[in-house]
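Visitor: here's my sequence, what's the structure:
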Amino acid sequence: MSITWRAAAAGLEAAIALCAALNAAYFLRRAMSGQTLTRRAAAFVLAVMSLGTLAEGVVVFTSLHAGADDTVFASTAWIMARTVTFTATACISVLILRARGNGK
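Guide: Residues are numbered from 1 along each chain as shown. Below is the predicted model of the structure:
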């Protein structure tokens with residue numbers, strides 16, 4: 001795998017981890033707030049999902065730098081899966097930032 005491709009993959013994983021960390025912090029704060037039990041439970045589930053995405057991003061990022069099998073990271077399936085993960089995580093982050101900008 002070329003150094004450029006490895007850097008692009010590492011950047012994608014770093015972006016996923018950053019968005020997931022923002023999302024997890026927001027949802028954990030919401031889970032601890034004075035909302036109804038149902039809303040707190042939903043926020044907790046979303047926080048756990050975000051923490052899972054964060055952990056996944058960190059593991060993949062670490063694997064990229066540890067010399068893991070390059071064929072996995074160069075496959076079309078991996079690129080598509082991680083792009084979808086990034087898009088979903090980034091969209092949630094945008095919604096959170098918009099809500100924070102509106103004072104919620």
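Visitor: flag the helix or strand of the protein with the lowest per-element mean pLDDT.
Guide: helix 70-73 (a mean of 67; mean pLDDT, DSSP states H and E).
Visitor: right, and the helix or strand after it?
Guide: helix 76-101 (DSSP states H and E).
Visitor: elements contacting that following helix?
Guide: With contacts defined as 3 or more Cβ pairs under 8 Å, 6 or more residues apart in numbering; DSSP states H and E, helix 76-101 has these neighbours: helix 3-31, helix 37-65. C-beta coordinates here come from the backbone N, C-alpha and C atoms, glycine included.
Visitor: looking at those, which is buried most?
Guide: helix 3-31 (a mean of 17; mean count of other Cβ atoms under 10 Å).
Visitor: show me what it is packed up against.
Guide: Identification of packing neighbours for helix 3-31 by 3+ Cβ pairs under 8 Å, 6+ apart yields helix 37-65, helix 70-73, helix 76-101.
Visitor: out of those, which gets the lowest mean score?
Guide: Lowest mean pLDDT within those: helix 70-73, a mean of 67.
Visitor: circling back: need the helices and strands packed on helix 76-101 in TSV (columns: distance to Ile92).
Guide: TSV is the format used below for the helices and strands packed on helix 76-101 (distance: least, Cβ to Cβ, whole Å):
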stretch	distance to Ile92
helix 3-31	5
helix 37-65	8
